[in-house]
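Visitor: make a model of this:
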Amino acid sequence: MTSTPPLVVETLRGGRVESLHAVDAVVASSDGSIVAIHGDGGRGVFPRSSIKALQALPLVESGAADRFGFTTAHLALACSSHNGEPMHTQGAGEMLAAAGLSPTCLECGAQLPHHAGDHEALVRAGMPVTAIHNNCSGKHSGFLAFAVQQGFQPAGYVRFGHPVQKEIAGVLETVTGAAHGEDNYGIDGCSIPTYEIPLASLARAYAKFAIGEAAGKVRSAAMLRLRDACMAHPEMVAGTGGFDTAIMQAMAGRVFTKTGAEGVFAIAIPELGLGAALKCRDGAGRAAEVACAFLVESLLEAAESELSQDELNALKRLANPVLKNRNRIEVGGLRMQA
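Guide: Model prediction:
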């Protein structure tokens with residue numbers, strides 16, 4: 001398929017364009033065909049956290065999620081990049097306890113909660129910031145539960161070559177169709193391996209995820225279970241004020257999105273059987289959010305899918321965020337270049 005130019009997001013200040021952000025994007029169908037390419041669709045990208053819902057497949061497929069009684073909220077947390085809010089840390093703690101483990105088993109590293117109020121509450125209570133506050137603690141709790149289910153040694157589960165990471169890499173290879181090995185891996189922010197793959201491969205994987213079209217009933221069912229859990233509990237996927245929370249709440253079961261560091265996004269639109277992936281070339285996350293909202297709206301409108309006024313207003317707002325300074329004065333915004 002012929003590529004069109006990359007999407008371009010403008011950052012405005014004083015009514016003038018201050019910055020431009022080029023975004024590569026690919027839209028794919030569940031049959032593997034490419035529907036649209038904006039920019040360089042074949043470029044290699046590290047999916048980062050955008051791939052978490054696929055990394056959670058072994059948790060469900062192995063029977064660990066059922067064995068340990070994980071709820072849909074727990075499954076959404078296993079796919080999350082959360083804020084470290086009490087609902088997130090409590091959920092991760094419940095997952096670990098159900099598997100007979102404790103937060104000390106987490107190897108993702110300590111991270112301050114996203115919201116200052118949550119950090120202040122810890123200080124007032126005399127409690128330390130630990131790995132359970134890490135935005136990836138839900139995913140890591142899922143990894144540890146999977147390790148227990150399979151009889152793997154939990155210690156070192158983050159390392160390349162550990163049985164947990166070998167199993168996950170194998171699943172990702174199958175679902176994306178791209179190699180995940182020694183030649184194309186790096187270390188993610190939470191210390192697990194992350195693999196550079198073509199942007200188009202990520203889009204194809206999420207097209208499968210959109211409708212559960214995978215090899216075998218077990219995998220297809222696992223995809224649908226994780227997809228539906230995330231759309232039912234978007235507050236667990238990101239948290240208060242998070243983009244993924246906002247767009248999935250606004251679209252109420254119609255759209256799945258998952259952000260990744262350095263301006264990556266994965267999108268699944270079940271009613272259209274489409275998946276998409278995008279990467280902001282300069283790694284700007286807020287520009288990637290604008291492109292994500294724009295792409296979701298464009299794909300639904302192109303398919304003549306009816307959007308309610310509330311849905312349309314939410315997508316327009318997310319695609320045109322206002323920028324304010326520390327005095328809460330409006331100083332500019334972001335928008336798609338016409």
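Visitor: show me what the longest strand seen in the chain is packed up against.
Guide: In the chain, with assignment by DSSP state E, the single longest strand is strand 16-29. Judged by 3 or more Cβ pairs under 8 Å, 6 or more residues apart in numbering; DSSP states H and E, the packing partners of strand 16-29 are strand 7-13, strand 34-38, helix 199-211, strand 274-280, helix 285-302. For the C-beta atoms, the positions are set from N, CA and C on the backbone; glycine is no exception.
Visitor: taking strand 34-38 as reference, get the angle to that strand.
Guide: Per axes from the mean of the first three to the mean of the last three Cα atoms, to 10 degrees, the angle that strand 16-29 makes with strand 34-38 is 160 degrees.
Visitor: partners of strand 16-29 in the sheet?
Guide: strand 7-13 (antiparallel), strand 34-38 (antiparallel), strand 274-280 (antiparallel) (DSSP bridges).
Visitor: what's in contact with stretch 167-178?
Guide: Contact partners of stretch 167-178, identified using Cβ atoms under 8 Å, 6 or more residues apart in numbering, comprise 51, 54-55, 57-58, 61, 143, 146, 150, 179-181, 193, 195, 197-198, 201-202, 204-205, 208-209, 214-215, 219.
Visitor: same thing but 6 Å
Guide: 54-55, 57-58, 180, 197, 201, 205 (Cβ atoms under 6 Å, 6 or more residues apart in numbering).
Visitor: most neighbours among those residues, which one?
Guide: Neighbour tally across the contacts of stretch 167-178 (other Cβ atoms under 10 Å): the maximum, 28 neighbours, falls on Ala205.
Visitor: quick one: pLDDT of Ser50?
Guide: Model confidence at Ser50, given as pLDDT, is 98.
Visitor: what separation do you get for the closest residue to it other than its chain neighbours and Ser305?
Guide: In space, and not counting its chain neighbours, Ser50 is closest to Gly260: 3.3 Å by Cβ to Cβ, 6 or more residues apart in numbering. Separation of Gly260 from Ser305 (Cβ to Cβ, to the nearest Å): 26 Å.
Visitor: with Ala145 instead?
Guide: From Ala145 to Ser305 the distance is 37 Å (Cβ to Cβ).
Visitor: again with Ile211
Guide: 15 Å.
Visitor: which one's more surrounded, the two?
Guide: Neighbour totals were compared for Ile211 and Ser305, and Ile211 leads with 21 against 13 (other Cβ under 10 Å).
Visitor: could you check how far the more buried one is from Ala250?
Guide: Distance of Ile211 to Ala250, given as Cβ to Cβ: 21 Å.
Visitor: also Ala207?
Guide: To Ala250, Ala207 is 22 Å away according to Cβ to Cβ.
Visitor: who's more crowded, the two?
Guide: A side-by-side neighbour count of Ala207 and Ala250, using other Cβ under 10 Å, places Ala207 first with 29 against 21.
Visitor: what ranges does the chain have for its helices?
Guide: Ranges of helices in the chain, per DSSP state H, are 52-55, 57-61, 64-67, 72-78, 86-98, 116-125, 137-150, 163-176, 199-211, 217-232, 234-237, 243-251, 285-302, 309-319.
Visitor: just the CA trace of the longest one, in CSV.
Guide: Spelled out, it's helix 285-302. What follows is helix 285-302, C-alpha atoms only, in CSV (Å, rounded to 0.1, in the frame of the first residue of the first chain):
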residue,chain,number,x,y,z
GLY,A,285,3.7,11.7,24.5
ARG,A,286,1.2,14.6,24.5
ALA,A,287,1.5,14.8,20.7
ALA,A,288,0.9,11.1,20.4
GLU,A,289,-2.3,11.4,22.4
VAL,A,290,-3.6,14.0,20.0
ALA,A,291,-2.8,11.8,17.1
CYS,A,292,-4.5,8.8,18.8
ALA,A,293,-7.7,10.7,19.4
PHE,A,294,-7.7,12.0,15.8
LEU,A,295,-7.1,8.6,14.4
VAL,A,296,-9.9,7.0,16.4
GLU,A,297,-12.3,9.7,15.3
SER,A,298,-11.2,9.5,11.7
LEU,A,299,-11.5,5.7,11.4
LEU,A,300,-15.0,5.7,13.0
GLU,A,301,-16.2,8.5,10.8
ALA,A,302,-14.7,7.0,7.6
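Visitor: contacting residues around that helix?
Guide: Outside helix 285-302, the residues touching it (Cβ under 6 Å, 6+ apart) are 7, 9, 21, 23, 243, 255, 257, 263, 265, 276, 278, 280, 307, 315, 318-319, 334, 336.
Visitor: mind listing what's buried in it?
Guide: By 16 or more other Cβ atoms under 10 Å, the buried positions in helix 285-302 come out as 287-300.
Visitor: picking up where we left off before, would you turn the helices of the chain into CSV with distance to Ile269?
Guide: Formatted as CSV, the helices of the chain follow (distance: least, Cβ to Cβ, whole Å):
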stretch, distance to Ile269
helix 52-55, 14
helix 57-61, 20
helix 64-67, 25
helix 72-78, 18
helix 86-98, 26
helix 116-125, 32
helix 137-150, 23
helix 163-176, 18
helix 199-211, 6
helix 217-232, 11
helix 234-237, 15
helix 243-251, 9
helix 285-302, 6
helix 309-319, 12
